[in-house]
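Participant: this one's structure only:
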């Protein structure tokens, strides 16, 4: 939404009017994004009506994720305010802290963060609904091909075999697990940061938002349906004949999960339960292309247009996500490569759709 600030002594009616005006301005400035979003939501609702079901569960799931990520931001914000107060060394720290919090909550940046979270949660709910339909529209059929491609790409070995001597240690695996699971709140944080930060130019934010939802639609639904696959971690359940080359990796992860509890392993168990109809909670199995890696690539491309150092940090994060996607058995290497390449292509396309102009890197 726009940078309109709310008057401190405004009446409730005037506040509602200001927010409504800011929302209209936001839609007008980003009409391409909201047109794509509206069309996608309309298609999702139409499909759910024809199927006589709904995606309320998916909406509730992603609203929950948005709230949890929002609480993380709120905690960091409160801590930041507290540190600034302590640095000033006021005579009454508690009073100064309370005054600073009142000045910060609710401020325009907080409102913009909250709005960004809400928009992304609504979109992701509709995406998850579509993702759960992929096996019904296109049964898993590409795992044998992707296994062969990985083997050809890595000189006759599967990628994890090459990386295991370097990364196959419990401490490293657990770190990769934290990074991979942290990607979920990360996409909410990055999306909303692009909305709220005064350091992000409007054309860049517009481009990132459009690129993000196009990645989820074109890669996460369309390409995932055409190239339907389960990934290495689910081969024992779906394609036992292909699972042999991943026996050691899946066994290593299972033993580590038993000893320490891996969040990614819990997620895998949940997705199998969803697929088997043992739970009504949302979730979908789809490996190609890797959306973790696609989004990490968008982080890199957007971050470099804000700050060079931030771009370097996002490159490091993207490398970690690539390694984690392979070493946690979520993806074939070609899944990750396709995700990154697809995201880069969509980023190039959005330079036209979002009417972007090059920004100077500081």
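Facilitator: Structure received. This is a predicted model, so every value here is computed, not measured.
Participant: going forward, measure contacts and count neighbours with C-alpha atoms only.
Facilitator: Noted.
Participant: all strands of this structure, in order?
Facilitator: Applying DSSP state E to the chain gives no strands.
Participant: farthest from the middle of it: give me that residue.
Facilitator: residue 91 (43.6 Å; CA atoms, centre = their mean).
Participant: how near is it to residue 82?
Facilitator: 14 Å (CA to CA, to the nearest Å).
Participant: go on, residue 117?
Facilitator: From residue 117 over to residue 82 (counting by CA to CA), the distance is 24 Å.
Participant: ok, these two, which is more surrounded?
Facilitator: Using other CA atoms under 10 Å as the criterion, residue 117 and residue 82 rank with residue 117 on top: 25 against 18.
Participant: can you report how many residues neighbour the nearest residue to residue 85 once chain neighbours are set aside?
Facilitator: Nearest non-adjacent residue to residue 85, counting by CA to CA, 6 or more residues apart in numbering: residue 97, 6.1 Å away. When counting by other CA under 10 Å, one arrives at 19 neighbours for residue 97.
Participant: what sits against residue 97?
Facilitator: Contact partners of residue 97, counting by CA atoms under 8 Å, 6 or more residues apart in numbering, are 81, 82, 85.
Participant: next one: the second one relative to residue 97, how far apart?
Facilitator: Okay, so that is residue 82. For residue 82 relative to residue 97 (CA to CA), the value is 6 Å.
Participant: name all residues that make contact with residue 334.
Facilitator: With the criterion set at CA under 8 Å, 6+ apart, residue 334 makes contact with 146, 149, 150, 289.
Participant: repeat that with 10 Å
Facilitator: 146, 147, 149, 150, 153, 159, 287, 288, 289, 290, 326, 340 (CA atoms under 10 Å, 6 or more residues apart in numbering).
Participant: ok, the fourth one touching residue 245?
Facilitator: No. Using CA atoms under 10 Å, residue 150 is not in contact with residue 245, being 11.6 Å away.
Participant: what residues do those two have in common as contacts?
Facilitator: Listed contacts common to residue 150 and residue 245 are 157, 158, 160; contacts here mean CA under 10 Å, 6+ apart.
Participant: distance check, residue 271 against residue 282.
Facilitator: From residue 271 to residue 282 the distance is 8 Å (CA to CA).
Participant: before we move on, what about residue 295?
Facilitator: 21 Å.
Participant: quick one, helices of the stretch 101-250 of the chain?
Facilitator: 108-131, 134-137, 143-153, 159-167, 170-196, 202-214, 224-226, 235-238, 247-260 (DSSP state H, counting those that start in this stretch).
Participant: out of these, which gets nearest to residue 34?
Facilitator: helix 202-214 (8.8 Å; CA to CA).
Participant: and the angle from the closest one to helix 108-131?
Facilitator: 20 degrees (axes from the mean of the first three to the mean of the last three CA atoms, to 10 degrees).
Participant: now helix 202-214, how far from the centre of its chain.
Facilitator: With CA atoms, centre = their mean, to the nearest Å as the basis, helix 202-214 stands 14 Å off its chain's centre.
Participant: counting by contacts, list what it packs against.
Facilitator: For helix 202-214, the elements it packs on are helix 12-29, helix 31-50, helix 108-131, helix 170-196, helix 291-303, helix 333-353, judged by 3 or more CA pairs under 10 Å, 6 or more residues apart in numbering; DSSP states H and E.
Participant: and the pLDDT for residue 349?
Facilitator: pLDDT for residue 349: 90.
Participant: point out where the stretch 251-362 of the chain drops to low pLDDT.
Facilitator: Applying pLDDT under 70 to the stretch 251-362 of the chain flags residues 353-362.
Participant: burial of the residue lying closest to residue 113 once chain neighbours are set aside, as a residue count?
Facilitator: In space, and not counting its chain neighbours, residue 113 is closest to residue 192: 5.1 Å by CA to CA, 6+ apart. Look at residue 192: counted by other CA under 10 Å, it has 25 neighbours.
Participant: wait, residue 192 touches residue 120, no?
Facilitator: Yes. The criterion here is CA under 10 Å, and residue 192 meets it with residue 120 at 8.4 Å.
Participant: got any residues that touch both of those two?
Facilitator: What both residue 192 and residue 120 touch, as defined by CA under 10 Å, 6+ apart, is the set residue 209.
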